[in-house]
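In: Provide a 3D model corresponding to the input given below.
(one chain, ligands or ions: 2)
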Amino acid sequence: MEKQQQAEEGATNGQTGHTNKRKIEEIEGGRRTGRLDAFVIRKKADTPKKLKAPSIEIVVQNGRSVVTYEKSVLSEDECAELSQEVLIAGHWSRDVIPTFGKNVLSPRLVCSFGDVGTAYRYSGMIRKGTGWPEVLLAIKRLVEERANQPYNYVLCNLYKDGDDYIGWHADKEGDIVPGSTIASVSLGAKRLFKLRHEQTKEVKEVWLEPGSLLLMKGDTQKHYKHCTVTENRINLTFRLVNHRSG
Ligand SMILES: O=C(O)CCC(=O)C(=O)O
Ligand SMILES: [Fe+2]
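Out: Ligands and ions are numbered 1, 2, ... in the order given. Got it, this is the predicted structure:
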């Protein structure tokens with residue numbers, strides 16, 4: 001976590017980070033390098049589908065800052081299918097972030113999907129929405145139901161190994177519709193997620209399990225930062241962003 005704090009503390013959205021071990025071929029090749037082939041979530045063929053009543057944990061409830069966690073929004077089979085589909089459909093690359101006069105690469109692979117006409121800008125990057133693969137539309141609908149709001153954009157993070165992470169940041173870029181809920185779906189390994197109140201420095205922790213949904217609502221992005229150190233994991237962060245022309 002210290003490494004992460006040093007690298008990303010103070011960044012608006014945590015897209016900066018270490019680059020020294022990263023090779024350009026890996027960025028350009030993305031999923032075609034074959035290195036992502038190591039990231040396979042095996043499907044359990046005979047696992048019966050479990051029907052469970054939703055159990056929602058309140059992680060933060062502090063004025064208008066509310067964070068909820070729901071386990072098992074997706075079954076194991078759904079997680080396996082979604083992981084494979086997103087790995088194939090995404091144009092994965094490391095973001096190139098200008099930092100102190102140098103270009104550094106994000107310590108995770110990133111891809112995005114969204115409505116045509118949307119764009120999301122962060123840390124000098126712009127990612128335009130170019131449509132949705134079917135498999136993501138299904139999960140988008142589910143997340144919309146749970147969050148009770150529409151989404152038009154998803155940023156996907158792939159954390160392959162122990163060097164990958166996302167540092168302390170808040171998702172408060174100008175492209176995000178103010179007050180909208182950030183919805184985070186986790187796939188792959190179970191990893192610890194932290195939220196830190198910016199005034200009191202109080203830290204709340206929650207283990208993000210595969211198939212879970214974390215909702216960061218209201219003023220959470222104004223008052224809290226979040227981060228996670230993680231490997232063998234995919235995260236889909238649904239956002240409601242403004243439409244832009246061009
Ligand atoms: O991987 C995660 O759980 C967090 C991702 C995140 O915070 C982001 O993409 O803004
Ligand atoms: Fe975030």
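In: Might one say that residue 221 is in contact with residue 172?
Out: Yes. Counting by CB atoms under 8 Å, residue 172 is a contact partner of residue 221 at 4.4 Å. In short, each C-beta sits where N, CA and C put it, glycine included.
In: and whichever residue of the chain sits closest to ligand 1, what element?
Out: In the chain, the residue that lies nearest ligand 1 is residue 235 (3.2 Å; CB to the nearest ligand atom). Using DSSP states H and E, residue 235 maps to strand 233-239.
In: strands paired with that strand, and their directions?
Out: Using DSSP bridges, the strands paired with strand 233-239 are strand 153-159 (antiparallel), strand 182-188 (antiparallel).
In: Residue ranges in this structure under the pLDDT threshold?
Out: Within the chain, the segments meeting pLDDT under 70 span 1-53, 245-246.
In: picking that back up, buried residues, the strand holding residue 235. List them.
Out: 233, 234, 235, 236, 237, 238, 239 (16 or more other CB atoms under 10 Å).
In: Count residues in the vicinity of the closest residue to the first one other than its chain neighbours, would you?
Out: This points to residue 233. Counting by CB to CB, 6 or more residues apart in numbering, residue 233 lies nearest to residue 188, which is 3.9 Å off, once chain neighbours are set aside. Using other CB atoms under 10 Å, residue 188 is surrounded by 22 other residues.
In: give me the beta-bridge partners of residue 156?
Out: Judged by DSSP bridges, the bridge partners of residue 156 are residue 111, residue 236.
In: ok now do it, which residues does it touch?
Out: By CB atoms under 8 Å, 6 or more residues apart in numbering, the contact list for residue 156 reads 86, 90, 110, 111, 112, 113, 234, 235, 236, 237.
In: So which bits of the protein are right by ligand 1?
Out: Within the chain, the residues that sit near ligand 1 (CB under 6 Å from any ligand atom) are 155, 157, 166, 171, 184, 193, 208, 226, 228, 235, 237.
In: Out of the residues you listed, which comes closest to residue 244?
Out: residue 155 (15.7 Å; CB to CB).
In: and the closest one, how many residues sit next to it?
Out: The burial count for residue 155: 23, using other CB under 10 Å.
In: ok, residue 82 - how many residues close by?
Out: 22.
In: Switch the buried residues of strand 233-239 over to TSV, and while doing so, append distance to residue 176 to every line.
Out: TSV is the format used below for the buried residues of strand 233-239 (distance: CB to CB, whole Å):
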residue	distance to residue 176
233	23
234	21
235	17
236	16
237	11
238	11
239	6
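In: Residue 67 is in contact with residue 218, correct?
Out: No. Residue 218 lies out of contact with residue 67 (CB under 8 Å); the separation is 9.2 Å.
In: and those two? which has more neighbours close in?
Out: residue 67 (25 against 19).
In: In the beta-sheet assignment, what are the partners of that one?
Out: Applying DSSP bridges, one finds that residue 67 bridges with residue 60, residue 216.
In: any idea how far residue 109 is from it?
Out: Counting by CB to CB, to the nearest Å, the gap from residue 67 to residue 109 is 25 Å.
In: Repeat that for residue 78.
Out: 22 Å.
In: of the two, who's got more company?
Out: Set side by side, residue 78 and residue 109 show more neighbours around residue 109, with 27 against 20, by other CB under 10 Å.
In: which ones are touching the closest residue to residue 242 other than its chain neighbours?
Out: Once flanking residues are discounted, residue 242 sits nearest to residue 175: 5.6 Å by CB to CB, 6+ apart. Counting by CB under 8 Å, 6+ apart, residue 175 touches 119, 120, 121, 241, 242, 244.
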